[in-house]
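> What would the 3D arrangement of this be:
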Amino acid sequence: MNVSQEAAAAAAAATGPLNGARVPRYLIAFFGALVALGPLSMDAYLSAIPLMAEDFGVGIVEVNNTLSLFLIGYAIGQFFGGSFSDQIGRKRIGYIGLSVYVTTTFAMAFVATVEQMLVLRFFQAVGGGFSTVICMASVRDIYPLEELGRRFATVTMIVLVAPLVAPALGSLMLPLGWQSIFLLKAAYAVGLFIVYALIVPETRAGGWAQLSALSIFRQCARVLVRRVDGRMLPLRYALSMALSASVLMTFVTNAAFVYMEYFAVSAAVFPLLFGLSVLGFMSLNLFSMRRLTSRNAGRFFRSGLRIQIAAIALLLVVVGSGATHLWTVVPLIVVMMSTLGLVGPAGSARYMGFFAELAGSASSVYTTLMFALGGILGALVGVFYDGTLLPMLGVMACASLLANLIALSIRGP
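Have a look, this model is predicted:
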């Protein structure tokens, strides 16, 4: 697609069902609340993992696998959901996803084995992927290019409330049994469904007659091979962002082990330590909301990646030297997690700005990469599990290093 065609497509997107001048103020808040379904699904039961392992009669690593499997199922849901939403409309995909999510999450409260939990967890993740992938695409549908970075940062700020409060909420629910956490998540999804049906408008119309599974792969292939100035810049941004985000997901997958088993903190203290990382993430995301522009997006993106790899390198030094204490490890984890507040909004603005007519498919490609990598890397840590922090840090270092190398290959405005 040449420059004039891309400009025309962007203009068409900006004058679709909604545009930046007429968007209801609650809409961006709703999309943030809907995307928060993902971190809520992962973080709310982190403090319950040891209790669940005890009830199922398995080790903590087996229950951690429910997190890794969730990321893989979430990636599958995002891959198909985003592209289908380009064909049949955003809201139809949202309805399907939320329905599947509510049904499977409610059923999880009644499982008796970890194997049953794994099966339901996979389908819950697919439903969650369908539900949330439409949010980035919807933002791209309704806001002009120059606003995308700030709008994505706003969505992220709302989303970050979930990992901040979810572990604490899970800890508060534990006296009622870990099953109550899943019932609460199901109720939250029901509320989202009702709001979505009653007051949220469609941002991209479509019809069932346009539905084509084969077209999904053609649409995503067009995203993957999109060239800008003769170079595959969109794919480079997607890969670099996905690898950087997978560092965060790898830590979240292993957070219960790190804090509650390795450092032996209580279920009451765990949310406080976990929340420090979320607050750091929110701080840099707020900075992006206020300062991010199309001119400095590249600098924000590269700076965040460099800080991330530096924090991981220092963690490796600390752990390798035997100076592993909460006061030496937690601050570096906070810095490492916080960098996504720079990388995410800046990278998303650049990446999604390359697409207008394929916003759903572009969102699918990126989020599928992100969650698939997060799931694979989290499972890989389990494979090399030796009771120390080194397997986790080694996996995260490789991902962050590769993200930085890919970012170095991105040149130009």
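
> which ones are touching the nearest residue in space to residue 111 that is not next to it in sequence?
Leaving out its chain neighbours, the residue that sits closest to residue 111 by Cβ to Cβ, 6 or more residues apart in numbering is residue 117, at 4.9 Å. All C-beta atoms are positioned from the backbone trio N, CA, C, and that covers glycine. With contacts taken as Cβ atoms under 8 Å, 6 or more residues apart in numbering, residue 117 has the following neighbours: 52, 56, 63, 66, 108, 111.

> okay but the last one is in contact with residue 120, surely?
The one in question is residue 111. Yes: Residue 111 sits in contact with residue 120 when judged by Cβ atoms under 8 Å, with a separation of 6.6 Å.

> wait, what's in contact with the closest residue to residue 372 other than its chain neighbours?
Of all residues beyond its chain neighbours, the one nearest residue 372 is residue 75 (3.9 Å), with distances taken as Cβ to Cβ, 6+ apart. If a contact means Cβ under 8 Å, 6+ apart, then residue 75 has 129, 367-372, 375 as its contacts.

> most neighbours, which of these?
Scoring those on neighbours with other Cβ atoms under 10 Å, the highest-scoring entry is residue 129 at 31 neighbours.

> hang on, residue 265 in a strand?
No: the assignment for residue 265 (DSSP: H, G, I helix; E, B strand; the rest coil) gives coil, which keeps it out of a strand.

> Read off the pLDDT value for it.
According to the per-residue confidence, residue 265 scores 91 in pLDDT.

> Which pLDDT value does the model give the closest residue to it other than its chain neighbours?
Nearest residue to residue 265, sequence neighbours excluded (Cβ to Cβ, 6+ apart): residue 259, at 5.0 Å. We note a pLDDT of 92 for residue 259 in this prediction.

> Spit out the contact partners of residue 259.
Taking Cβ under 8 Å, 6+ apart as the test, what residue 259 contacts is 265, 269-270, 273-274.

> just the buried members of those residues?
Among those, those buried by neighbour count (16 or more other Cβ atoms under 10 Å) are 265, 269-270, 273-274.

> could these go into CSV alongside secondary structure?
As requested, the buried ones among the contacts of residue 259 are arranged in CSV below (three-state DSSP):
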residue, secondary structure
265, coil
269, coil
270, helix
273, helix
274, helix
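
> Next, count neighbours for residue 386.
Residue 386 has 7 neighbouring residues, counting by other Cβ under 10 Å.

> What about it? Give its phi and psi, please.
The main-chain torsion angles of residue 386 are listed as degrees, to the nearest 10 and equal phi -140, psi 10.

> roughly how far apart are it and residue 96?
According to Cβ to Cβ, to the nearest Å, residue 386 and residue 96 sit 42 Å apart.

> Next: residue 388.
Distance, residue 388 to residue 96, using Cβ to Cβ: 43 Å.

> Between the two, point out the one with more neighbours.
More neighbours sit around residue 96 than around the other of residue 388 and residue 96, counting by other Cβ under 10 Å; the figures are 18 against 12.

> isn't there a helix covering the more buried one?
Yes: counting by three-state DSSP, residue 96 is found in a helix.

> neighbours around the closest residue to it other than its chain neighbours, how many?
Nearest residue to residue 96 in three dimensions, chain neighbours excluded: residue 130, at 5.7 Å (Cβ to Cβ, 6+ apart). Residue 130 has 28 neighbouring residues, counting by other Cβ under 10 Å.

> quick one: which of the contacts of residue 259 is nearest residue 201?
The closest of these to residue 201 turns out to be residue 274 (Cβ to Cβ; 35.8 Å).

> Quick check: closest non-adjacent residue to that closest one.
Spatial nearest neighbour of residue 274, excluding adjacent residues (Cβ to Cβ, 6+ apart): residue 167 at 4.9 Å.

> Could you check how far that neighbour is from residue 341?
Distance, residue 167 to residue 341, using Cβ to Cβ: 19 Å.

> Who has more neighbours out of those two?
For residue 167 and residue 341, the more surrounded residue by other Cβ under 10 Å is residue 167, and the numbers stand at 28 against 25.

> residue contacts, the more buried one?
Under the criterion of Cβ under 8 Å, 6+ apart, the neighbours of residue 167 are 43-44, 46-47, 270-271, 274-275.

> Please apply the same query to residue 155.
Each residue near residue 155 by Cβ under 8 Å, 6+ apart is listed here: 28, 31-32, 35, 135-136, 139.
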